[in-house]
Structure formats: structure tokens, C-alpha cells
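Chemist: Give me the fold of what follows.
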Amino acid sequence: MKVATWNVNSIAIRLEAVLKWISDTNTDVVCLQETKCTDEKFPLQTINDFGYHAAFIGQKSYNGVAILSKHEISDVQKNFLDDDDESPKRLIAATINGVRIVNTYIPNGTELWTDKFTFKLDWLQRLRKMFDDTCDKNGHVLLCGDFNVAPGELDVWSVKAWEGKLHFSKPERAAIHHVKQWGFVDVFRQHNGDVQEFSWWNYREGAFPKNQGLRIDHIWTSKSLAEKCVGCWIDKNPRTWERPSDHTPVVAEFNI
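Modeler: Next comes the predicted model:
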């Protein structure tokens, strides 16, 4: 089973690109972030006609997550269980082929030590608690999405340029490490070692041609699922397309 994560920065703008990429790569499950689409306007019929199921939760202009799958989707959870209708739409979980998939669009944080930054750190604590309360470490669990955190020095194009800044600050890295300590394996690192590759490049300053990016999109799995992972890679090709997202897909393949 091939699983991908991709912040598409508007499903309305990039639906054609998403479906083309799925077709070209024969990907089983695609977890999308920043769909920027209310549930009423989500292109469900088009996706169903394409041969995929979908689970989604969204809001206008910002946020929004979705899971597209050629396999049946069950046990869907939208947002944290204690969220209300006004909470930002940043998490969706479902079970597919025996794998509990949690798709997240972790808050950006905006600037260090603002209310939004504190919200980000608190959100990550809630994410860890959700895994503690609802998931089995010995089962097949997959966490993916736009984490808005570069965990290590290899995940930024320049440590000097990013040290102490949003996405690479010590509090954010400590918070995401706490989530990882639940029992997750970064399957990109498992298969690629110390290679330096990125999944996001700013639209400005010629960042993509210069390869001045960050690896902030991730696929982490429980140890039992990591043992079944046969590869994980970043597909930079969609970033070269016309009107691309500033993110590109991260893909992992499993023998299950």
C-alpha cells in the first residue's frame, strides 16, 4: 500500500493536479492538508468518479484536511474528540486496510511566543495525548501531514539562517519530539539516512530553484508498521508544475 501526504494549498485550485499525480503514481491513499474548502464545496463527486473514497473536514479560505483512498475508509475521527464546531479543522483520522492513519495540519504558529505560537505548542501536546489515549503502540499506526516543524538540522537548508526561527525553534522541536516519543519512526530517515531533502520551498526569493527549503512534511509510523515500510521518498516533480503548491508530496510504501 502506497501512502502519501501533500499540503495542496487549496483543493479547488489543484484538484486536477492531485488527480493527475494520483493517476501517474498509482498511490493508494493520499492525505491532503490546507484544502481551504468547506465540506459543502468539497469535490466529493469528482473524487468518487475517479474511483476513490474520501473523508474530509474543512473550512473556508484556511485549514482543512482530507483523506482520499482507493480502499474502504472506516472509523473516521474529525478533529480532537473534545473540539467543538468552531475549532480549526486540522486533523482527520481513519482506518484503512488495518492501518490507523492520522492526517494533521499542525498549526503554523506565525511568530515566536505569540498566542498562535502557544496554541501550536498546546496543539502538539494534545496530539501526543490523543495517541496515548486512543492508539495501540503495537498496532499499525501512521501519523502524517504538514507538521510545520523541521525536526533536525538536516531538515533545513541552512542551520545558520533558521536557528531560533519559526519552524526550527527549540520549543517546537522539543514539542514534536515529544509526539515522536510515543513510539514513532520517521520512515524517511529510516530509508534515506542523512540525505538532505526538502518538502517545502517559499514561493518568494527563488527558493525552489536554489533548493532553499525545509522538510516539514512527514510520514511517521509505529514500529510494527515501519518494519513493513519498503521505501519513503519526496516527489519534487509536482513543485515544477504550473501554479504549484509550495509543498510537494511525501510518499511511503508498505508491504501490507
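Chemist: From here on, just use CA atoms for contacts and neighbour counts.
Modeler: Will do.
Chemist: hang on, Val250 packs against Val8?
Modeler: No: Val250 is beyond contact range of Val8, at 11.9 Å (criterion: Cα atoms under 8 Å).
Chemist: Tyr105 versus the most centrally placed residue in the chain, what's the distance?
Modeler: Among the residues of the chain, the one closest to the centroid is Gly145, at 0.9 Å (Cα atoms, centre = their mean). Distance from Gly145 to Tyr105, counting by Cα to Cα, to the nearest Å: 6 Å.
Chemist: Also Ser10?
Modeler: 13 Å.
Chemist: Show me the common contact partners of those two, please.
Modeler: Common neighbours of Ser10 and Tyr105, using Cα atoms under 8 Å, 6 or more residues apart in numbering, are Glu34.
Chemist: Those two - which one has more neighbours?
Modeler: Tyr105 (23 against 20; other Cα atoms under 10 Å).
Chemist: all strands for the stretch 101-250 of the chain, in order.
Modeler: 141-146, 184-186, 200-201, 213-214, 217-222, 229-234, 250-254 (DSSP state E, counting those that start in this stretch).
Chemist: helices or strands next to the second one in the packing?
Modeler: Going back to what we said before, that points to strand 184-186. strand 217-222, helix 223-226 (3 or more Cα pairs under 8 Å, 6 or more residues apart in numbering; DSSP states H and E).
Chemist: Contacts only, for Asn148.
Modeler: By Cα under 8 Å, 6+ apart, the neighbours of Asn148 are Tyr105, Ile106, Pro107, Asn108, His167, Ile216, Asp217.
Chemist: For Ser23, pull up the helix or strand it's in.
Modeler: helix 11-25 (DSSP states H and E).
Chemist: Okay, angle between the helix or strand following that helix and strand 250-254 too, please.
Modeler: Using DSSP H and E, the helix or strand that follows helix 11-25 in sequence is strand 29-33. For strand 29-33 against strand 250-254, the angle by axes from the mean of the first three to the mean of the last three Cα atoms, to 10 degrees is 150 degrees.
Chemist: Extract the CA atoms of strand 29-33 and return them as CSV.
Modeler: The C-alpha coordinates for strand 29-33 follow below in CSV (Å, rounded to 0.1, in the frame of the first residue of the first chain):
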residue,chain,number,x,y,z
VAL,A,29,-4.0,6.8,0.0
VAL,A,30,-3.4,10.5,-0.2
CYS,A,31,-3.6,12.7,2.9
LEU,A,32,-4.2,16.3,2.0
GLN,A,33,-3.8,19.4,4.1
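Chemist: Flag every buried residue along the top helix by length along the chain.
Modeler: As assigned by DSSP state H, the longest helix anywhere in the chain is helix 115-134. Neighbour-count burial for helix 115-134, counted by 16 or more other Cα atoms under 10 Å, picks out Phe117, Thr118, Lys120, Leu121, Trp123, Leu124, Leu127, Arg128, Phe131.
Chemist: if we can go back for a sec, would a markdown table of the strands of the stretch 101-250 of the chain with mean pLDDT and distance to Phe50 be doable?
Modeler: Output for those, formatted as a markdown table (pLDDT from 0 to 100; distance: least, Cα to Cα, whole Å):
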| stretch | mean pLDDT | distance to Phe50 |
| --- | --- | --- |
| strand 141-146 | 98 | 23 |
| strand 184-186 | 98 | 31 |
| strand 200-201 | 98 | 27 |
| strand 213-214 | 98 | 32 |
| strand 217-222 | 98 | 25 |
| strand 229-234 | 98 | 24 |
| strand 250-254 | 98 | 20 |
